[in-house]
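J.: fold the following and give me the result.
(chains A and B)
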Number of protein chains: 2
Amino acid sequence: MTYRIEFEPVGRRGPCLAGNSLLDCARQLGVDLVNLCGGGGSCGRCKVQVVAGEVSAVTDSDEEFLTPSELAEGYRLACRTFPLADCKVRVPPESLSTPQRTQVEGLEAHVPPEPLVRSYAVHVPFPSLDDLRADAERVRESLQAQHGVVTVSVEVAVLRELSPRLRDQKGQLSVSVRREAIVAVGRTVGKAQRPYGLAVDVGTTKIAAYLLDLESGATLASQGIMNPQIAYGEDVIARMAYASGDPAQAVRMQELVVDAINQAAAQMCAQAGGITGEIVEAVVVGNTAMHHLFLRLPVEQLALAPYVPAVSSAMDVRACDAGLNLAPGATVHLLPNIAGYVGADHVAMLLAAGMHQMAGVVLALDIGTNTEVCLANHGRLTSLSCASGPAFEGAHIRHGMRAAAGAIEHLRLVGGQVEYQTIGGEPPAGLCGSGILDALAQLTMAGVVDRRGRMGDHPRVRGEGGDREFVIVREDEAGNGRRAIAITQKDVRELQLAKGAMRTGVQVLLESNGLAEDEIDQVIIAGAFGTYIDVASAIAIGMLPPLPLERFRQVGNAAGMGAKLALISGPQRAEAEALARRVGYIELATVPQFSRTFAQSMFLGQDLFGTSNHRVHSPLDSSAQR
Amino acid sequence: MTYRIEFEPVGRRGPCLAGNSLLDCARQLGVDLVNLCGGGGSCGRCKVQVVAGEVSAVTDSDEEFLTPSELAEGYRLACRTFPLADCKVRVPPESLSTPQRTQVEGLEAHVPPEPLVRSYAVHVPFPSLDDLRADAERVRESLQAQHGVVTVSVEVAVLRELSPRLRDQKGQLSVSVRREAIVAVGRTVGKAQRPYGLAVDVGTTKIAAYLLDLESGATLASQGIMNPQIAYGEDVIARMAYASGDPAQAVRMQELVVDAINQAAAQMCAQAGGITGEIVEAVVVGNTAMHHLFLRLPVEQLALAPYVPAVSSAMDVRACDAGLNLAPGATVHLLPNIAGYVGADHVAMLLAAGMHQMAGVVLALDIGTNTEVCLANHGRLTSLSCASGPAFEGAHIRHGMRAAAGAIEHLRLVGGQVEYQTIGGEPPAGLCGSGILDALAQLTMAGVVDRRGRMGDHPRVRGEGGDREFVIVREDEAGNGRRAIAITQKDVRELQLAKGAMRTGVQVLLESNGLAEDEIDQVIIAGAFGTYIDVASAIAIGMLPPLPLERFRQVGNAAGMGAKLALISGPQRAEAEALARRVGYIELATVPQFSRTFAQSMFLGQDLFGTSNHRVHSPLDSSAQR
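T.: Predicted coordinates for the structure are as follows:
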């Protein structure tokens, strides 16, 4: 028994098996509904409106997250709703996880290209009764004679296409060599085919992919796409739980991300006038969970204390083993992980930012659901990860949403009024991360919330106790019967936890190095969220230490840049490995003063750690063994 | 529309799609019918008897190969016969390619085991907040601390099982290392798990597989099985044509042989009390066509002049890439090929026979459809291949059959009578190779056939001209209404071509080395056929040079032995590579006096090359470039 379901306004329609939820159906049809809990009815984010057709009864979860008027209008949580007939379902913008913008730009560092794979145009003589050498040997010996390049082997996948290609192309061959092995053969156009490289930063939410010319180091194309694993939970915990469920689910998680990369690679190649078979090497970075799910490594031990990775060293894996459709003998290189929650993307970020070469005291943050923080103290690096949670990505925030059309991305309180700006200039649908941050900063500075986060009185504050909320957009201001947009007392608590975690990370690193906040010479903020935030707002709520604005640098997708560097340069790759070994790792759970620091960090305002707390000598110099 | 077909006496039954031939149906049901032409109706070997049910009309091919009385009894060629109803089909023994005996025994050479993979019992500490190293790094560092063994990587397939295994086994792990990479992990039983190795000789007809203990070098089990590719043609030409048909057919050819090896490996492991996941390395040898089909390499160029291989160097391929179900990181090593028709099995044979270390003049032959011959002249090796054809395997011989039950394997002419012995003591069903050879030798010595092969008069000779035949078993002698068994004039011609080709090979090698026959100190005869033949018969017809019998050595499956040596010893593997490079290869097509030599070689009798032909200085010293 199947029903026909139509999702609007995205315009997807298809069958839904009886017994499947609307969320299951949306996943199958490629409609990316936001959901944090993996379909467990506990996050309340997969809200949809059933506009036609019959569905199962309202559940407790629906009543918990939806207002009576929403329920009356047919709003339901997709994960709790089972069609009983053909249905038409409207997906409100805030429930759709496909964002308006993804982050592919980052700082550009320039290193001379020294790729591991090089390509040569070779003329290979035809076999004859006087020259009975095998095809592979004729190619290898021609390569040596014409270019002085010695090889010892040919990948079996290359051998499977070498003989027919040699004859089709009348002996004119482009030959790509990596570490004395022939890893690809292709067409020639007078000279050797330009070897492509693929750099990928697999984020929990977004994937940034870049196509590079390995010889020049130039970026030929780039693409930002959603990580389709998001359909199985927005955070790494939910996805690891899903992948641990059974082997087929682990395969599914791998296929989702690999297919997305393959698709991006194909589109970028088309843009550059080539094909994916010309991509001879790839570098992939990601947090440790993304790294493991990409390689289909076990994640059970990563999801449980003490959260150890299956592997931390850098790896060379054959692209085909990872499911990537590149040149038959292509390799995918994975930068090293540092710990369970400090992954290869952090190493890539440090490499791109040049943290290991920086003089003075430099702090680098990659803000996300997990925020990785590194402190470089005159060349000595220490990193940690704090569970900042997804609040600044709009999760667990009543009117939070992704950075999609209609999201309020910046706002100011002017007099009693709120001035705001939305993405795409669309009517306001909710608040994205930078908007949420601005809102809390404005409320803090205006004294609407106090240092402890309690919401006081204001013409725009309504409700009582835990239900108090500050109305940013009133129903009458929203127009067209849209809902109001507010920041609730509960939202403020969530944001305090999030920003408190980050600030704790910074403070622990300072204390472990015996440093005071004002000794930080530079703060590097990486990642998509970090690119769009107003640093002054972040300082105002005490998320970042109170330093002069000129000491902050928002560098965009530094992890993606690091992946590019490692792609085009063998020495950069070696540097990344050395760097990963050099980084001291602190496990926050082992820090004795953690609870006290965390409690202080949750205060709202600029001066959280009085001068009396400065220059505490720390017992943390012996950081945990990796 | 499908029909139900039952094959007797093998006892297989199953459906046959309308439009499929009985041969197609037999293939699908795993009934291995002999067929040389790949189902083209031109070899006449897939004879079956339809005992019940309706089939398509008698064709020209049926009439060509079957007698009117056979046709009347329901005999048909399976490839030309299409069921029109449910049928019961009897398969006569001579049409069944599953043999009574396969050759797995060979000479035993003893080398000290120096395997490339070694296993260690490692105790790995549990992770904790004080030891957050990744699982792979904890294993590698424990291995180094406990055994002084340094590794640089862990195969990704091993990583996929390492973490759960580490926890299941409470940190007690058997770790197998190959060239600084961890290629397998397993259980420990006090000490490290014994690492298994697999050696395989893939013959065109038979596959010989051996399970070895890599540490002791002992053979734990062996198995001889049919090469299931035989269902697609008995010779390499038919199979290469099939594999070239389309990619799915190439995959099919690979799967057939790989599945057979996997099955043999599983059975041998069970015999030895282990599992295939404990096989950490394999060595596979075969002729160049078998080598290519096993790796699914292109064979188009191998099937067409000048018959060049896709690759000739030795190869290390991951077992999983070849489809073998061994330890996750296991490697399969393939010995080098020498030329299109002188493959890795020849190299293995030379290695096992120690041809490269032999003093004096030694001739080695591996007799088969293609016969490879090598002459060692005081350490200088020259090899060639001659297209001897399958006549000595019973093909193209009226009453020829495989070495299966009921085959006449030896016979003598005593007075006017024929004395014979059959395999298994069964009633005579036909002649296998050694029986055919004896028959021709007896006819030659008795003067029934003359030097030119013409059949003269004898009480047992009947028929006229090309239809003359020498009756070995008369209808009345066969009993039970069985058919007579005879050697025909046409058979004699086929055998002259076959033995002439082999003798030409020997003669060309002698001439190219400026040697006379009687300067040969030793003749090594390898392969299944060579094991069972009567050397005196082979000399009598002029297949082998007339030397004292004590100079001949029948060594059995030397190629399989060579595979074993390469499996247990890295130095032996290196020696095989050096050996392959040292072998001079002669392409018979380039030998000027080929036609004259071949014409002389076809004569029957001992003295084919008068002393006047000895010590001809040859222009072949510059053998063709490989």
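J.: export stretch A:271-282 as CSV, just CAs?
T.: The C-alpha coordinates for stretch A:271-282 follow below in CSV (Å, rounded to 0.1, in the frame of the first residue of the first chain):
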residue,chain,number,x,y,z
GLN,A,271,32.6,23.5,-15.7
ALA,A,272,36.4,23.2,-16.3
GLY,A,273,35.8,21.3,-19.6
GLY,A,274,37.1,17.9,-18.3
ILE,A,275,35.9,14.7,-16.8
THR,A,276,36.3,13.1,-13.4
GLY,A,277,38.5,10.4,-14.9
GLU,A,278,41.1,13.2,-15.1
ILE,A,279,41.2,13.8,-11.4
VAL,A,280,44.3,11.9,-10.3
GLU,A,281,44.4,12.8,-6.6
ALA,A,282,42.1,14.0,-3.9
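J.: quick one: that stretch to chain centroid distance?
T.: Once both centres are worked out by Cα atoms, centre = their mean, to the nearest Å, stretch A:271-282 turns out to sit 23 Å from its chain's centre.
J.: return the set of buried residues in it.
T.: Applying a neighbour-count criterion of 16 or more other Cβ atoms under 10 Å in any protein chain shown, one finds A:272, A:274, A:275, A:276, A:277, A:278, A:279, A:280, A:281, A:282 buried in stretch A:271-282. Quick note: C-beta positions are derived from backbone N, CA and C, even for glycine.
J.: same question for stretch A:212-224.
T.: Using 16+ other Cβ under 10 Å as the burial criterion, the residues of stretch A:212-224 that qualify are A:212, A:213, A:214, A:215, A:217, A:219, A:220, A:221, A:222, A:223, A:224.
J.: and for stretch A:485-501?
T.: Within stretch A:485-501, the residues scored as buried using 16+ other Cβ under 10 Å are A:485-489, A:491-501.
J.: ok, of these, which one's closest to chain B?
T.: Using Cβ to the nearest Cβ, residue A:501 comes nearest to chain B of the buried residues of stretch A:485-501, at 18.8 Å.
J.: the helix or strand where that closest one lies - contacts with which helices or strands?
T.: For residue A:501, the element it lies in under DSSP states H and E is helix A:489-512. Under the contact definition 3 or more Cβ pairs under 8 Å, 6 or more residues apart in numbering or on different chains; DSSP states H and E, helix A:489-512 sits against strand A:361-366, strand A:371-377, strand A:380-386, helix A:433-445, helix A:594-601.
J.: 6 Å - rerun?
T.: Here helix A:489-512 touches strand A:371-377, strand A:380-386, helix A:594-601, going by 3 or more Cβ pairs under 6 Å, 6 or more residues apart in numbering or on different chains; DSSP states H and E.
J.: averaged pLDDT, it. What do you get?
T.: Helix A:489-512 comes out with an average pLDDT of 96.
J.: contacts for that helix next, please.
T.: A:371, A:373, A:375, A:382, A:384, A:386-389, A:391-392, A:396-398, A:440, A:449, A:453, A:455, A:466, A:468, A:541, A:543, A:591, A:597-598, A:601-602, A:616, A:618, A:620 (Cβ atoms under 6 Å, 6 or more residues apart in numbering or on different chains).
J.: quick one: strands adjacent to the very next helix or strand once past that helix?
T.: Counting by DSSP H and E, the element after helix A:489-512 in chain order, helix or strand, is strand A:522-526. If you go by DSSP bridges, strand A:522-526 pairs up with strand A:361-366 (parallel), strand A:552-556 (parallel).
J.: for the shortest one, give the mean pLDDT please.
T.: For strand A:552-556, the mean pLDDT works out to 87.
J.: could you point out which element follows that strand?
T.: Next in sequence after strand A:552-556, counting helices and strands by DSSP H and E, comes helix A:558-568.
J.: who does that next one touch, helix- and strand-wise?
T.: strand A:196-202, strand A:206-213, strand A:279-286, helix A:344-353, helix A:570-582.
J.: select, out of these, the one closest to chain B.
T.: Closest to chain B of the helices and strands packed on helix A:558-568 is helix A:570-582 (Cβ to the nearest Cβ; 10.9 Å).
J.: what packs against the very next helix or strand once past that closest one?
T.: As assigned by DSSP H and E, the chain's next helix or strand after helix A:570-582 is strand A:584-585. Here strand A:584-585 touches no other helix or strand, going by 3+ Cβ pairs under 6 Å, 6+ apart.
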